[in-house]
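Q: This is a predicted model, with the sequence first.
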Amino acid sequence: MSAAFSDFGPLTERRRVEKQRQQRRRVMFAAAGASVVLILIVMGGAAVAYNASVQDEESDDSSSSSSSSLSSPSGGGGSGSSLISVSKSVKVVCAQTDHRDACEKSLSKAANASASSPKDIVRASVAVIGDAVGKAFDRSALATSDNPRVKAAVADCKEIYQDAKADLARTLRGIDAGGMDEVTKRGYELRVWLSAVIAHMETCIDGFPDGDLKKNMTATMESGKELTSNALAIIEKASSFLAALHITAASHRRLFSIREGEDVEKQPKVNHSGTFLGERGDDSPAPDSYRRLFSIREGEDVEKQPKVNHSGTFLGERDDSPAPDSYRRRLLGVEEDTAPWVNAPERRLLKGNNFQSRLTPNVVVAKDGSGKFKTINEALNAMPAKYTGRYLIYVKQGVYEEYVTITRAMENVTMYGDGAMKTIITGSRNFADGLTTYKTSTFNEQGDGFIGIALGFRNTAGAAKHQAVALLVQSDRSIFLNCRMDAYQDTLYAHSKAQFYRNCVISGTIDFVFGDAAAVFQNCILVLRRPMDNQQNIATAQGRADGRESTGFVFQYCRFTAEAALRDASRPAIRSYLARPWREFSRTLIMESEIPAFIDKAGYLPWNGDFGLKTLWYAEYANRGPGADTAGRVTWPGYKKVISKDEAAKFTVQSFLHAEPWLKPAGAPVKYGFWA
């Protein structure tokens with residue numbers, strides 16, 4: 001028998017078996033599809049159009065503090081007789097939340113039978129937050145006291161409320177951008193913004209001194225936090241089951257009466273295995289954008305990257321040789337499509353030394369007068385209200401003693417210096433002198449899409465002055481490369497939203513990396529300094545206040561080290577720890593990092609008694625060094641010890657931050673997977 005037909009019999013049998021398998025799969029998918037149809041129909045019965053309720057509230061109280069800015073767009077038809085009982089449907093949807101009573105009460109109040117899409121109930125779950133948050137912050141403004149710290153806290157809350165409103169508003173805009181498929185695609189982003197709303201409320205509370213007033217403020221904020229938690233849960237669940245079963249906008253059209261004129265993004269055809277079907281029905285590769293929609297990572301090959309030393313220099317096999325051109329192109333994304341807010345020169349800024357010469361800044365700041373401005377604030381004040389693309393500010397070598405704020409309106413700013421030990425921004429504001437921690441920062445970064453390169457941030461207040469922040473970051477999609485942050489307590493306040501740090505040095509004593517951001521630190525050095533003799537060191541204090549938040553700290557391929565004064569054997573010994581839980585659901589992972597022997601064997605320190613020990617999430621993976629042995633670690637329920645690679649994979653840059661769409665175009669060096 002010829003070779004061409006030698007396997008005909010087995011092949012026929014395999015095809016018969018495969019055909020039977022496909023038939024079974026069709027039955028399974030049909031059953032699953034029917035289940036999803038029922039789920040979506042129930043959700044559709046609970047769908048709401050918040051505009052009607054907002055209009056009713058505004059007619060009763062025209063001075064409502066938040067409803068006007070958070071009301072939903074007017075929506076279309078459908079009668080009550082065409083929908084399942086709203087009250088029953090609300091109960092079904094709210095069953096997945098942690099605060100069911102608050103969910104049912106708020107959504108039942110906002111429910112309107114004219115809604116026809118599951119997107120409406122998602123939108124309503126966010127829209128109802130506005131009123132509760134507004135009332136809570138209004139209460140903070142009523143706090144009266146001669147205590148200067150109370151006055152400072154009230155001022156903080158007034159400012160922070162604007163941040164909370166802005167993040168709620170953009171969450172609603174994100175939901176309004178398309179159909180339910182858009183909510184699915186942007187689910188992580190929406191949850192980042194909603195997590196920030198909780199962070200804003202917690203920051204308002206933090207400013208008040210301990211006592212009855214602080215307790216009252218905590219109780220006042222509770223409703224807003226519960227409703228935000230519910231919205232986080234609803235968005236998370238909607239995203240996961242819709243994405244998992246590949247429900248597209250077309251499916252939604254068949255299941256629900258879509259409002260006239262609603263623009264639903266056209267989706268490619270997809271078979272049940274998730275394979276993209278081209279125009280002729282062949283199994284063509286799916287477009288990248290569509291694969292990202294469902295987070296398809298199958299077959300992804302994480303490319304082996306060259307070694308990099310802690311200064312950010314590429315290490316060849318024997319020396320600091322340049323990285324291969326092919327790798328540099330991949331690393332910097334120079335062959336990728338450019339996002340509209342990133343210009344081509346910026347993508348190449350790290351291709352070699354002396355990157356400054358490769359960029360053309362909009363303005364130059366120089367203390368010696370060789371630039372257009374002598375201070376950073378002068379340059380910021382002169383920024384145009386509107387500009388296209390990125391706004392580049394080159395800050396030449398020098399020590400700049402000024403307090404800098406990149407406002408929310410200053411988006412897509414790149415600020416770069418001559419080196420983290422050459423271009424230094426410094427201040428000395430601190431808690432001991434009467435300021436809230438939130439107001440002690442030397443550099444406050446609020447504008448989305450900020451990139452900081454080769455800059456030094458300092459707070460020189462010293463250990464005796466307690467909380468003194470060098471850098472406060474509360475913007476989304478912020479990137480810091482080859483930077484340095486130096487202070488003692490509370491050096492880096494990674495406040496909220498998605499943040500990425502690479503090749504940075506961060507030094508301090510107590511909780512010197514803290515906040516409620518979703519932040520990944522890659523190839524960074526954390527330097528523990530000597531505190532006062534009656535103190536102890538804690539490197540990190542992540543502040544996740546609700547278990548539904550998408551936030552947490554990930555330290556990957558980092559190194560913990562100590563300054564000489566801390567290692568001085570002639571002075572009293574200081575205990576040093578990796579982390580402690582600032583908030584109840586604090587989440588921190590240390591992986592592929594070097595932990596030295598001076599880190600206490602327990603690894604972690606309680607915040608206050610048993611606070612958060614059951615609800616926090618701390619873990620380690622593939623760490624090295626004498627301090628990486630977990631045999632003597634704490635035995636808290638929330639400490640997971642060494643987790644599996646599959647579990648750790650959930651916290652790599654792409655899985656945890658969903659950052660490829662904004663890191664690649666920015667040209668940031670990044671490892672999306674594991675180092676090993």
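A: Arrived safely.

Q: In contact with the closest residue to Ile479 other than its chain neighbours, which residues?
A: Excluding the flanking residues, the one nearest Ile479 by CB to CB, 6 or more residues apart in numbering is Ile451, at 4.7 Å. In short, each C-beta sits where N, CA and C put it, glycine included. By CB atoms under 8 Å, 6 or more residues apart in numbering, the contact list for Ile451 reads 346, 413-416, 478-481, 666, 668.

Q: Just the closest of those to Arg571, please.
A: Of all those, the one sitting nearest Arg571 is Phe480; the distance, using CB to CB, is 32.5 Å.

Q: Got the confidence number for that closest one?
A: As summarised for this prediction, Phe480 has a pLDDT of 98.

Q: For the strand or helix carrying it, which helices and strands make contact with it?
A: Applying DSSP states H and E as the criterion places Phe480 in strand 478-481. Judged by 3 or more CB pairs under 8 Å, 6 or more residues apart in numbering; DSSP states H and E, strand 478-481 is in contact with strand 451-453, strand 498-502.

Q: shaky segments in the protein?
A: Of all residues in the chain, those with pLDDT under 70 make up the ranges 1-86, 89, 111-117, 239-354.

Q: same thing but at 50, please
A: When the per-residue scores of the chain are filtered using pLDDT under 50, the ranges that remain are 1-12, 14, 27, 31-69, 71-72, 74-83, 113-114, 241, 243-352.

Q: and Ser140, that's in a helix?
A: Yes - when the secondary structure is assigned by DSSP: H, G, I helix; E, B strand; the rest coil, Ser140 falls within a helix.

Q: Neighbours of the closest residue in space to it that isn't next to it in sequence, how many?
A: With CB to CB, 6+ apart as the measure, Cys157 is the residue that lies nearest to Ser140, at 3.9 Å, once sequence neighbours are left out. Taking other CB atoms under 10 Å as the neighbour definition, Cys157 ends up with a count of 28.

Q: residues contacting Cys157?
A: 137, 140-141, 204, 207.

Q: If we use 10 Å, what do you get?
A: Each residue near Cys157 by CB atoms under 10 Å, 6 or more residues apart in numbering is listed here: 136-141, 143, 164, 200-201, 203-205, 207-208, 217, 221, 436, 438.

Q: what helix or strand is it on?
A: Cys157 belongs to helix 148-176 when elements are defined using DSSP H and E.

Q: Wasn't Asp610 part of a strand?
A: No - the assignment for Asp610, made by three-state DSSP, is coil rather than a strand.

Q: Check whether Cys558 really touches Leu589, as I assumed.
A: No - in this structure, Cys558 is not within contact of Leu589 by CB atoms under 10 Å, at 11.2 Å.

Q: and for those two, which residues touch both?
A: Residues within reach of Cys558 and of Leu589 at once, by CB under 10 Å, 6+ apart: there are none.

Q: re earlier: pick the one among the contacts of Ile451 closest to Lys119.
A: Minimum distance to Lys119 across these is 29.2 Å, recorded for Ser478 (CB to CB).

Q: what bridges to that closest one?
A: Beta bridges link Ser478 to Gln499, judged by DSSP bridges.

Q: any idea how far it is from Val133?
A: When distance is defined by CB to CB, to the nearest Å, Ser478 is 24 Å away from Val133.

Q: buried set for stretch 624-631?
A: Of the residues in stretch 624-631, those with enough neighbours to count as buried (16 or more other CB atoms under 10 Å) are 627-628, 630.

Q: Can you tell me which of the helices and strands packed on strand 478-481 is packed in deepest?
A: strand 498-502 (a mean of 26; mean count of other CB atoms under 10 Å).

Q: and that one, what does it pack onto?
A: Counting contacts by 3 or more CB pairs under 10 Å, 6 or more residues apart in numbering; DSSP states H and E, strand 498-502 packs against helix 187-206, strand 478-481, strand 492-494, strand 518-522, strand 552-556, helix 660-666.

Q: closest one to Ile506 among those?
A: Going through the helices and strands packed on strand 498-502 one by one, with CB to CB as the measure, strand 492-494 comes closest at 5.5 Å.

Q: Which strands border that closest one, and is each parallel or antiparallel?
A: Each strand that pairs with strand 492-494, with its direction, by DSSP bridges: strand 471-473 (parallel), strand 510-515 (parallel).
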